Each structure stands twice: as structure tokens, then as C-alpha cells.
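Visitor: What would the 3D arrangement of this be:
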Amino acid sequence: MSSAEQLPCIIQGGMGVGVSNWHLARAVAQAGGLGVVAGTALDTVLVRRLQLGDPGGDVRRALEAFPFRSLARRIEREYFVSGGIPARRPFRLISLPNTRMRLQREALFVAAAFVEVFLAKEGHAGVVGINLLEKIQVPTLPSLFGAMLAGVDVVLMGAGIPHAIPGVLDAFSRLEAAEIKLLVENNPERLSFTSRFEPAAFLAGCRAEEGESSEGDAAKSEREIRSLKRPAFLAIISSHILAKTLHKKASGRVDGFVVESHVAGGHNAPPRKKGTGTSADYGEADRAELGVLREIGLPFWLAGGQAAKGSLAEAQARGARGIQVGTVFAYCNESGIRQDIKQQLFEGLRRGTPRVETDFEASPTGYPFKLILDADRPEELPQLRARDRVCDLGYLRQAFIDERGKLAFRCPGEPEEAYLAKGGKLEDTRHKVCLCNGLLATVGLGQRREPEDELPVRTAGEGIQEILTFLGSEKDCYSASDVLEWLSGSTLVSAAE
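Guide: Sure, this is the predicted structure:
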């Protein structure tokens with residue numbers, strides 16, 4: 001897919017962790033939309049699927065296709081448990097992401113992104129993308145490389161200003177090294193720190209893994225991989241100002257924009273004007289000026305509150321290429337959300353008890369975050385806030401300069417004493433929720449703990465009631481193709497097999 005102008009008019013949101021899984025992205029792509037896998041925490045998703053016994057064998061089948069077979073075998077050997085681990089046994093953890101990773105740890109990021117994209121693209125000619133967050137920087141480069149190895153068609157990125165990513169895609173397409181500058185707190189001298197990935201070094205490590213004296217799989221892969229397809233890049237933005245900045249100053253070609261309003265689920269951009277610390281702070285200043293987007297001349301998609309019938313036609317009348325939709329896809333059959341959580345929400349919606357609230361304190365990132373609150377379950381949010389603080393995944397940790405002048409990482413959601421010892425402020429820890437563990441629990445991959453397992457974190461956009469459109473009074477489920485048919489106003493033509 002060489003031009004964003006040719007991309008589908010309906011994009012399925014890349015909802016993490018594991019909500020927008022390969023099942024969902026594949027179903028959407030097969031039905032003619034842009035199917036998107038969430039790129040967040042894919043390494044943990046991979047190893048926990050293997051520890052659950054990989055029902056159906058999909059992960060192991062994708063690893064068989066991974067170009068570096070010795071690394072794939074090592075991953076399977078270390079994490080696959082035939083029949084799955086016992087019901088109460090905790091998942092085996094992997095080391096926290098860091099800027100200096102050994103080959104085997106870095107390879108988990110590469111392989112995990114490869115597996116998710118490979119499975120999403122398997123068996124059809126539709127269009128598949130991967131969504132990453134600028135805020136989560138350490139996994140970005142190896143994840144992009146793995147996705148490109150699998151032939152990903154589109155990269156979508158938001159939660160910050162992803163100005164370096166277009167150049168990264170250019171470099172990786174030529175198998176050249178690339179780096180991104182890390183955002184570092186407590187850095188008065190403005191020291192520069194980077195995350196770097198070198199395809200040549202990765203290939204050399206793969207050769208060493210095979211054994212220097214053998215004509216192994218890695219050597220064969222190096223001969224076969226001369227270049228990689230450069231995927232289209234769509235920046236997820238909330239402001240026309242950011243669109244202009246990226247169009248002019250990004251490190252390479254930006255192919256289009258997803259313009260997301262504050263009513264979308266998950267993380268939102270903060271309001272431009274501070275006030276009460278509630279959703280009431282959002283106003284006219286937070287609306288992107290579509291006239292400016294039209295003047296830039298790149299295709300754009302509107303996101304947030306776009307699931308109503310007629311939204312696509314209305315967006316196109318305003319100059320958009322199409323729309324991006326998340327919430328109604330998040331609760332369809334193919335998404336990764338646990339079935340019991342879906343049914344619980346459906347029952348609540350029929351009673352009219354759930355509501356979506358923009359919480360300005362919950363996320364360790366400091367960004368506002370949408371939470372589903374249910375009048376019938378008032379204990380949910382207090383329980384999430386009262387959780388024993390354990391930071392054993394570390395995706396949302398922030399880089400900072402410690403008292404020795406060294407690069408280190410901390411998270412407002414980690415144990416308070418640990419955060420304070422790293423120079424953090426106590427007020428920054430207030431009401432923080434561990435999204436890393438909570439979102440994994442939402443998709444059935446939460447850590448088993450005593451006396452209580454990790455609790456799920458539920459998020460959705462403010463248009464959550466649109467889910468009832470697909471359920472009516474009798475149905476208890478609906479499919480991704482149902483959503484696409486509704487959004488398009490007619491049955492979409494499936495991608496050619």
C-alpha cells in the first residue's frame with residue numbers, strides 16, 4: 001500500500017493491552033477495513049500466551065515463520081508450557097524494559113511484534129497496521145523492526161509527538177540503524193539520551209546464536225532480507241497545530257493523520273486550558289481546525305465519537321478520508337477483552353448503570369484516562385486504587401536523571417517509598433492505578449497473586465451506549481463485520497483471499 005490515499009476509510013482503533021489483538025485486526029482487514037494490532041506490552045502478551053499452552057498453536061505457528069529460527073526456538077523453549085501452567089501459578093516474568101538489553105531480551109520485542117502482525121495478516125490481502133505509543137519509548141524500535149519483518153502496512157502512533165518515527169521507518173526499510181531521543185525528567189543540563197536499534201548488529205547476534213561455524217538459519221535470513229517494505233505512517237493527534245508541526249519538521253514522510261477528540265477511550269490529550277481537573281475543562285480550544293488539516297493536503301481520519309450511523313459520511317463531507325472507531329470494536333466477539341467482562345458490560349448497559357469518566361489522576365503517564373464506572377459496582381475504582389503497589393512490568397516508567405547523574409526509571413504507580421527514594425513527589429502518586437497489570441487482566445493475562453489476582457481496568461469512549469446498537473434486546477454478542485457494515489452503511493467487500 002504505497003499511498004495513504006488508498007487506505008481504507010474505516011480504521012479499527014489500536015486498543016491496548018491486547019484488546020486489539022490479531023484476531024480482531026485480521027477480521028477487520030478481511031472485511032475491508034484497516035485492522036490494527038496494539039503494540040503495547042506485546043512481549044509480555046507473547047510469553048503469557050505461551051505459558052497458557054498456546055491453545056490452537058497460533059503463536060508457535062507464527063514463531064515458525066520468524067526469520068531467525070534459533071531465537072524463536074529459544075523463546076518457545078523458555079516459555080511454552082504444554083497444557084498451560086496450573087491455575088494458581090503466577091506467570092513467569094521477563095526483565096523490565098531498559099535501554100541496554102541483551103540480544104535475547106531485545107529479540108522478545110522483535111519476535112512479539114512479528115508474531116502479532118504475521119497472524120493478523122495471515123490468509124488474506126487486507127491492510128494491517130500496528131499502534132504504538134510515543135510515551136512508551138524503550139520497546140519502540142525493536143517492535144517496529146519486528147512489525148516490518150512481518151510486512152506491516154501502516155504504523156500509527158500517538159500519546160506524544162512522534163516526529164522521529166518516519167525517519168526510523170525509512171532507515172529500517174534499508175536495514176540501517178535508527179535511534180530516538182528519550183524524554184528524560186530531572187534533566188536540568190539537558191543531557192541527551194537515546195534508544196538505538198541496529199539491524200546489522202541484530203543480524204550479527206543471530207549469527208552468533210546459530211554458531212559461527214554453521215550455515216544456520218540466521219545466515220540464510222540475512223541473505224534473504226535485503227530490504228523491508230516501508231509502511232505508511234499515520235500520526236495520531238488532537239491538534240491541528242501538531243499536524244502542521246509534524247508535516248514540516250518530522251524526520252521523514254508523514255502519510256496522514258488520525259485526529260482524535262477527547263471523547264475517545266483510553267488516554268486522551270490533556271485540555272489546553274487547565275481548570276477543574278475534569279472533562280469540563282475541554283472546550284473549543286481543544287477542537288482541531290479541520291480547515292488547517294485540509295490545507296496541509298494529507299488524508300486524515302476523525303476519531304472519537306464516530307460510531308453513530310452516518311458518521312462516516314459526515315466526516316467525509318468535512319474533508320476527512322474516513323473515521324477511526326474503537327469502543328464498539330473493543331467489545332465485539334474478536335477483541336481480546338475477557339468474555340465475562342463483555343457480558344457484564346452488556347448487562348449494565350441494558351440497565352443503564354455504566355458511565356464513562358475522564359480520570360485525571362489514574363494514569364501514571366499524567367495523561368487523562370477514560371474509566372468505565374458502574375453504579376452497580378461502586379467498589380471497582382476504590383479497589384483499583386487500593387491495590388498493593390507492585391511494579392513488575394514497567395512499561396509506563398519514566399526516564400529520569402538520578403542523584404548520581406545516571407539514567408534511571410521510575411513510575412508514580414510503583415511503591416511510594418521506591419518512587420520517593422528516586423526523587424519523585426508524593427503528590428504524583430495520588431490515586432495512581434497500575435495500567436500495565438490492570439489492562440493485562442482485562443484480556444485474561446493478568447498476574448495471579450495472593451490473596452487476590454490483578455483486577456481488570458475497563459476503558460471505553462464516551463459513546464459507549466453505541467454498543468447497544470449491535471445488541472438490541474436479545475443478542476449477547478456481535479462481530480467486527482457487524483460493526484463495519486453498520487459504519488459503512490452497506491456490506492463491505494471482503495479482501496481477496
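Visitor: rest of the way, CA atoms for contacts and neighbours
Guide: Noted.
Visitor: now the strands: where do they sit in the stretch 151-300 of the chain?
Guide: 154-158, 178-181, 184-185, 194-197, 232-237, 256-260, 300-303 (DSSP state E, counting those that start in this stretch).
Visitor: Give me the contact list for stretch 85-92.
Guide: 48, 51-53, 447-449 (C-alpha atoms under 8 Å, 6 or more residues apart in numbering).
Visitor: first to last residue in it, what's the distance?
Guide: Length of stretch 85-92, first residue to last, C-alpha to C-alpha, to the nearest Å: 10 Å.
Visitor: what's the answer for stretch 374-381, then?
Guide: With C-alpha to C-alpha as the measure, stretch 374-381 spans 10 Å from end to end.
Visitor: buried sites along it?
Guide: 374, 380-381 (16 or more other C-alpha atoms under 10 Å).
Visitor: Ok, stretch 80-92 next?
Guide: Buried residues in stretch 80-92, counted by 16+ other C-alpha under 10 Å: 80-81, 85, 91.
Visitor: got a list of what the residue nearest to G265 when sequence neighbours are not counted touches?
Guide: Leaving aside its chain neighbours, G265 sits nearest to G461 (3.7 Å; criterion: C-alpha to C-alpha, 6 or more residues apart in numbering). The contact partners of G461, by C-alpha under 8 Å, 6+ apart, come to 263-266, 304-305, 326-327, 356, 370.
Visitor: which among those residues gets closest to D170?
Guide: Distance to D170, by C-alpha to C-alpha, is smallest for G326 among these, at 28.6 Å.
Visitor: I'd like to know which helix or strand in the chain has the lowest mean pLDDT.
Guide: helix 217-224 (a mean of 51; mean pLDDT, DSSP states H and E).
Visitor: How much space separates the residue most central in space within the chain from I180?
Guide: Centrality entry for the chain: nearest residue to the mean C-alpha point is A38, 3.4 Å, by C-alpha atoms, centre = their mean. A38 sits 20 Å away from I180, going by C-alpha to C-alpha.
Visitor: do E485 as well
Guide: Taking C-alpha to C-alpha, one finds E485 at 40 Å from I180.
Visitor: try T442
Guide: T442 is 31 Å from I180, by C-alpha to C-alpha.
Visitor: repeat for G472
Guide: Using C-alpha to C-alpha, G472 is found at 48 Å from I180.
Visitor: the more surrounded of these two?
Guide: I180 (20 against 11; other C-alpha atoms under 10 Å).
Visitor: Who are the contact partners of the more buried one?
Guide: Per C-alpha under 8 Å, 6+ apart, neighbours of I180: 164-165, 194-196.
Visitor: run the last query once more with 6 Å
Guide: By C-alpha atoms under 6 Å, 6 or more residues apart in numbering, the residues touching I180 are 194-195.
Visitor: where's it relative to A280, distance?
Guide: Taking C-alpha to C-alpha, one finds I180 at 35 Å from A280.
Visitor: What of K370?
Guide: 14 Å.
Visitor: Compare neighbour counts for these two and give me the winner.
Guide: K370 (26 against 10).
Visitor: Apart from its chain neighbours, what residue comes closest to that one?
Guide: T358 (4.5 Å).
Visitor: For that neighbour, give me the pLDDT.
Guide: Each residue has a pLDDT score; the one for T358 is 94.
Visitor: neighbouring contacts of the helix or strand hosting it?
Guide: T358 is part of strand 354-359 when elements are defined by DSSP states H and E. Contacts to strand 354-359, defined as C-alpha under 6 Å, 6+ apart, come from residues 279, 348, 368-374, 462.
Visitor: Could you list the buried residues of stretch 184-194?
Guide: Buried residues in stretch 184-194, counted by 16+ other C-alpha under 10 Å: 184-185.
Visitor: Other residues contacting it?
Guide: 180-182, 399-401.
Visitor: Also stretch 370-383?
Guide: 265-266, 353-359, 458-459.
Visitor: Quick check: L373 is in a strand.
Guide: Yes: L373 forms part of a strand when assessed by DSSP: H, G, I helix; E, B strand; the rest coil.
Visitor: K181 - how many residues pack around it?
Guide: 12.
Visitor: Tell me what it is bridged to.
Guide: T194 (DSSP bridges).
Visitor: hmm, back to that, could you export the contacts of stretch 370-383 as CSV, including neighbour count and distance to A386?
Guide: Below are the contacts of stretch 370-383 laid out as CSV (neighbours: other C-alpha atoms under 10 Å; distance: C-alpha to C-alpha, whole Å):
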residue, neighbour count, distance to A386
G265, 30, 23
G266, 21, 21
T353, 14, 23
P354, 20, 21
R355, 18, 21
V356, 20, 20
E357, 20, 19
T358, 25, 19
D359, 19, 16
R458, 22, 16
T459, 24, 19
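Visitor: can you redo these as TSV with distance to A418?
Guide: Listed next are these as TSV, based on distance: C-alpha to C-alpha, whole Å:
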residue	distance to A418
G265	30
G266	27
T353	38
P354	35
R355	34
V356	32
E357	30
T358	28
D359	24
R458	27
T459	28
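Visitor: sorry, back to before: find me the pLDDT at the residue nearest to G265, would you?
Guide: 94.
Visitor: Shouldn't it be within a helix?
Guide: No: using three-state DSSP, the assignment for G461 is coil, not a helix.
Visitor: ok, it to V37 distance?
Guide: Distance of G461 to V37, computed by C-alpha to C-alpha: 18 Å.
Visitor: Identify, by residue count, the longest helix of the chain.
Guide: helix 103-121 (DSSP state H).
Visitor: Counting by contacts, list what that helix packs against.
Guide: helix 22-30, helix 42-51, helix 140-149 (3 or more C-alpha pairs under 6 Å, 6 or more residues apart in numbering; DSSP states H and E).
Visitor: Need the contacts of strand 354-359 in CSV (columns: distance to V138).
Guide: Output for these, formatted as CSV (distance: C-alpha to C-alpha, whole Å):
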residue, distance to V138
S279, 31
G348, 38
P368, 22
F369, 22
K370, 25
L371, 26
I372, 29
L373, 32
D374, 35
E462, 31
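Visitor: for the stretch 1-150 of the chain, which spans come out with low pLDDT?
Guide: 1-3 (pLDDT under 70).
Visitor: residues contacting the closest residue in space to F360 that isn't next to it in sequence?
Guide: Of all residues not flanking F360 in the chain, P368 sits nearest, at 4.4 Å (C-alpha to C-alpha, 6+ apart). Going by C-alpha under 6 Å, 6+ apart, P368 touches 267-268, 359-360.
Visitor: Among the contacts of stretch 370-383, which one lies nearest to E176?
Guide: Set against E176, the nearest of these by C-alpha to C-alpha is G266 (33.8 Å).
Visitor: For that closest one, give me the pLDDT.
Guide: In this model, G266 carries a pLDDT of 91.
Visitor: Let me see the contact set for it.
Guide: 369-370, 459.
Visitor: cutoff 8 Å now
Guide: G266 is in contact with 15, 369-371, 459-461, counting by C-alpha under 8 Å, 6+ apart.
Visitor: so, if you compare those, which one comes nearest to A200?
Guide: Nearest to A200 among the contacts of G266, counting by C-alpha to C-alpha, is M15 at 31.7 Å.
Visitor: what's the spacing between the closest one and A320?
Guide: In terms of C-alpha to C-alpha, M15 sits 22 Å off from A320.
Visitor: what's the most distant pair in the contacts of stretch 370-383?
Guide: G266 and T353 (19.8 Å).
Visitor: Tell me if I'm right that N98 and V138 touch.
Guide: Yes: counting by C-alpha atoms under 8 Å, N98 touches V138, with 6.3 Å between them.
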